[in-house]
Each structure stands twice: as structure tokens, then as C-alpha cells.
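Asks: pasting the structure only:
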């Protein structure tokens, strides 16, 4: 995982986003949950791998289930926008809830907007 960060930032090695993604993949397969999150970002942003929103959502799911709260928030965005998964506002709100409970501050904002607009949850302005 750390080697991937080095390749991403060009710290001690030449910057190489392809090797970054490869390192994250190997680290994730080895049980490093944050690596799945970082790999999802690579797939989402076309960094070292071809843009693949379905694969990004899968990686966010693995990271989220592995205990990375921010991954729940990003997965919520995938469901809210139908990026890499079928659009599902209820599932998006559920993901934001889990992220918020995990301590991700902006997940509270996203969840609040769901309640304000009645997207995936019953509209509730209180």
C-alpha cells in the first residue's frame, strides 16, 4: 500500500500511476482495506487504469465492508448518481447513514440533503 502512495506522489521513485494502481490491487488482495478505497479512486478518475465506474463501485464496496467509513460515502454517491451501479436512492441514503455513523462529516450533509429532498428516505425537514 505504502509503495503505491510513493508511486502516486513520486516520493523516492518516479511517479507512475499504473504502478500505483497495481500496488493498491495487491495490497487490497492482501487484506489492506484502504487500498481498495484508493484503487476505487483510481478507477473513478482514470489514474493508472482505464476509467471503470463499475469496478470503482465494487472496490468501494469492498473497502466499506472492510471498515473504511469514507468508502460508504463514496459508494452512496455511486448509488445516488447511478455510477457503476443501478441508481438506487434508498441504497445511497443507507450508505450515507453508515458513513455518517462512521464519522465522515460530509456524509451528514449528503444524508441531510436526502431527507430535505425526500430522496431514498421520507422527506423530513425537522
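Replies: On my side now, so go ahead. No experiment lies behind these values; they were computed from the predicted model shown.
Asks: Give me the three-state assignment for the closest residue in space to residue 90 that isn't next to it in sequence.
Replies: Closest residue to residue 90 apart from its sequence neighbours, by Cβ to Cβ, 6 or more residues apart in numbering: residue 120 at 4.3 Å. Using the backbone N, CA and C atoms, a C-beta is placed for each residue, glycine as well. Following DSSP: H, G, I helix; E, B strand; the rest coil, we place residue 120 in the coil state.
Asks: list the contacts for residue 120?
Replies: Applying Cβ atoms under 8 Å, 6 or more residues apart in numbering, one finds that residue 120 lies in contact with 80, 88-94, 114.
Asks: JSON lines please, covering those residues and showing pLDDT, distance to residue 14 and neighbour count.
Replies: Listed next are those as JSON lines, based on pLDDT from 0 to 100; distance: Cβ to Cβ, whole Å; neighbours: other Cβ atoms under 10 Å:
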{"residue": "80", "pLDDT": "97", "distance to residue 14": "37", "neighbour count": "22"}
{"residue": "88", "pLDDT": "98", "distance to residue 14": "41", "neighbour count": "16"}
{"residue": "89", "pLDDT": "97", "distance to residue 14": "43", "neighbour count": "18"}
{"residue": "90", "pLDDT": "98", "distance to residue 14": "45", "neighbour count": "12"}
{"residue": "91", "pLDDT": "98", "distance to residue 14": "40", "neighbour count": "17"}
{"residue": "92", "pLDDT": "98", "distance to residue 14": "39", "neighbour count": "26"}
{"residue": "93", "pLDDT": "97", "distance to residue 14": "43", "neighbour count": "21"}
{"residue": "94", "pLDDT": "98", "distance to residue 14": "42", "neighbour count": "19"}
{"residue": "114", "pLDDT": "96", "distance to residue 14": "43", "neighbour count": "24"}
